[in-house]
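Asks: dropping a prediction and its sequence here:
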Amino acid sequence: MKFDKPATANAIDRGLVIGRSIDRIDGPAKVTGTARYAYERNEVARNVAYGWIVGAAIATGRIVQIDTKAAAAAPGVVAIVTYMNAGKLGQAKPHASRMLAGPEVQHYDQAVALVVADTFEQARDAAKLVRVDYAPRKGRFDLAAEKGNAIKKDGEFGVADTASGDFAGAFSRAAVKLDETYTTPDHSHAMMEPHATIAAWSGDKLMLWTSNQMIAWAVRDTAETLLIPASSIQVSSPFIGGGFGAKLWIRSDAILAALGARAARRPVKVALSRPLIANNTVHRPATIQRVRIGARSDGRIDAIAHESWSGDLPGGKTEDATFVTRLLYAGEHRMTAQRLAVLDLPEGNAMRAPGEAPGSMALEVAMDELAEKLDIDPVRLRIINDVQYDPEKGLSRPFTSRKLVECLTVGAQRFGWDKRNRKPAQVRDGRWLVGMGMAAALRGNPVMDSAARVGVDAKGVVTVETDMTDIGTGSYTIIAQTAAETMGVPLAQVRVKLGDSTFPVSAGSGGQWGANSSTAGVYAACMTLRQTLAKKTGFDADEARFESGRIRVGNRSVTLAQAAGPDGVVVEDKVEFGDLQKRFAHASFGAHFVEVGVDAMTGETRVRRMAGVFAAGRILNPKSARNQVIGGMTMGVGAALMEELVVDKRHGYFVNHDLAEYQIPVHADIPSQDVMFLDELDDKSSPMKAKGVGELGICGAGAAVANAIYNATGIRVRDYPITLDKLLPGLRSLA
């Protein structure tokens, strides 16, 4: 199915199943423990051995010698893999980090060896006996120190620099100017399930049961790394315990499990220990962001510029922090720039809403500061500068739909924004200083071609197969809803199979494109199935109605089971997106409102309540969409108040590499979240008329917290996270 024209009325519009708050169909399996995750799938391979990864003890340099004799002689050890016996390995793109070090070491905890033994404990204990001698080099670990050496480099989702008009001139002439710098630290994904894989060889065929968000990419990366044909690899990942972008690409657990299984001549399972994950895998890179805004006295922005610096290994990419500024507000004279500093830290890569999440933490605080300079309400300032077209491209590229103003106004009313005291540090509740803050939310709405296989059997059961993954987002359910809606059957009559490379290639889970794209692919396959069944039964496909498990034309009807016949009918199709993404600006929008209390004596900050109003096209399942949004809002609180991978700038590694020291929000930190979705259909986004929503909730949430803290205390902190030590000096006069 080609999607190159706006969607018209279609089967999804009935809204009998789609758009309903339906419980997850995979929920019972998950709460009863019968949903097997990668490391738990012992039924798939017999005689499994266990692998333990040894990480590099230096951040950059060379391996001089690896002594594995003592480890090899330890009880139960069956194989040890290092670069010296692993054979030739390729470099899968877009990785900046190699999965196995040697002789060069790129970063701390890069895998230097895998010890394989009969039991987990034997592998772990023997790994301590591996002796590695290094020749370390002086590394680059400080983004601020390397900022001057940063180079121009395009990011994952856009070009490094954009410009229109005369920013410098317009900024110099502006009645009101803002010029501030904001910093965000490195972040860890901290998903519940660690990176884990079971690998098994059958001749030259490799089977990976792994935890991965993008199945087709996993096959590609494995083939490129092991230098074997992609046709020789099967990847299975039906259940994933969170990823947030860390599992978009294959990581060392999969590659080393495959190498270990080949060396041991038996299946091998590898799970990364929690302390290894932060330094061995990927993280959201730190940023330094300069925002300049020039406005008229009435609040209209004339000039806006956003520059961002981030770091990565050689060959890495920038964090696209300026993307949000390119689309969010008006301003005739514009400039954005991104620069990449080479750092010898672990690989920086995608984490939930890469670019927009840290970018909005700077831009949306800058807008709050501008509002104060102008003496204009922050909500009003954003409404004044709303724009219904791409502000960089002009009227030639309108938004497909943009209800930001509605999000702002409805959110302000629901939250009670009119009760906010605009003067900071005026509201107290006992020892607590109380304040309100807000921020706008924008996340791009990319789509990807996506395919599915759909069939009906002799019992009328509809089965969907696609390599789409479910990373806790509800993919099983919305795909089942799509098939049930399109085929006109009850949800209980649909079976969904996901996460296997033998299934048609889907969009996968990432970039906020997963739900919209994958359901569109399922819809395309279902429409082909409808045509096939109608033709098989002698009906006109354009006139046929699929409802209540039957195909009807006029007074004649047959059941799906009758139409399928004893052998059933199976078809395959895909949605292929045309140039609507280029002709129109695509994004999801929202508005965050937050109330905080700050202890006047200790600086402790507590979020009291949060509210968000969002416009993201058709909401396929409000219950699972809300789940995604409140998760993003919670991560925004973490980014604002506590999350930071602390860099040891002497030795080049993240010190707080476990969940004891890398702080994330828990239930007690998030007492109240109010979420509302506006009614919206986006006919230029997909046949589903939906948009991405999974990453929208994190965008702007951290800035809303920061702005609330300022309103409570009058202390402006531009260096995230806003920990109590950054508040205490300013609180002395308020205590």
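Replies: Looks like it came in fine.

Asks: mean confidence for stretch 4-17?
Replies: Average pLDDT, stretch 4-17: 97.

Asks: for the chain, list the residue farthest from the centre, please.
Replies: residue 555 (49.1 Å; C-alpha atoms, centre = their mean).

Asks: can you map out the helices along the stretch 151-300 of the chain?
Replies: Using DSSP state H, counting those that start in this stretch, the helices found in the stretch 151-300 of the chain span residues 167-173, 215-226, 252-264, 274-280.

Asks: over to the stretch 351-500 of the chain?
Replies: Under DSSP H, counting those that start in this stretch, the stretch 351-500 of the chain gives helices at 356-374, 378-384, 404-415, 475-487.

Asks: so which of these comes closest to residue 707?
Replies: Of all those, it is helix 356-374 that lies closest to residue 707, at 4.4 Å by C-beta to C-beta. C-beta coordinates here come from the backbone N, C-alpha and C atoms, glycine included.

Asks: which strands or helices does the closest one pack on?
Replies: strand 176-184, strand 287-295, strand 301-312, helix 323-327, helix 378-384, strand 432-444, helix 622-641, helix 701-713 (3 or more C-beta pairs under 8 Å, 6 or more residues apart in numbering; DSSP states H and E).

Asks: quick one: these as TSV, columns for mean pLDDT too.
Replies: Below are those laid out as TSV (pLDDT from 0 to 100):
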stretch	mean pLDDT
strand 176-184	98
strand 287-295	98
strand 301-312	98
helix 323-327	97
helix 378-384	98
strand 432-444	98
helix 622-641	98
helix 701-713	98
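
Asks: list the buried ones in stretch 46-59?
Replies: 48-56, 58-59 (16 or more other C-beta atoms under 10 Å).

Asks: and residue 342, what are its phi and psi?
Replies: Backbone torsions of residue 342, given as degrees, to the nearest 10, read phi -80, psi 120.

Asks: burial measure for the nearest residue to it once chain neighbours are set aside, as a count.
Replies: Nearest residue to residue 342, sequence neighbours excluded (C-beta to C-beta, 6 or more residues apart in numbering): residue 314, at 5.4 Å. The tally of other residues near residue 314 (other C-beta atoms under 10 Å) stands at 10.

Asks: so residue 314, which state does it fall into?
Replies: coil (DSSP: H, G, I helix; E, B strand; the rest coil).

Asks: and it, what pLDDT?
Replies: Reported pLDDT for residue 314: 95.

Asks: dump stretch 522-530 to CSV, restricted to CA.
Replies: Only the C-alpha atoms of stretch 522-530 are listed here, as CSV (Å, rounded to 0.1, in the frame of the first residue of the first chain):
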residue,chain,number,x,y,z
VAL,A,522,-0.9,-4.3,9.6
TYR,A,523,-3.8,-2.2,8.2
ALA,A,524,-2.3,-2.5,4.7
ALA,A,525,-2.0,-6.3,5.0
CYS,A,526,-5.5,-6.5,6.4
MET,A,527,-6.9,-4.5,3.5
THR,A,528,-5.1,-6.9,1.1
LEU,A,529,-6.6,-9.8,3.0
ARG,A,530,-10.1,-8.2,2.7
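
Asks: and residue 324, which of the helices of the stretch 351-500 of the chain is closest to it?
Replies: Closest approach to residue 324 among the helices of the stretch 351-500 of the chain is made by helix 356-374 (4.2 Å; C-beta to C-beta).
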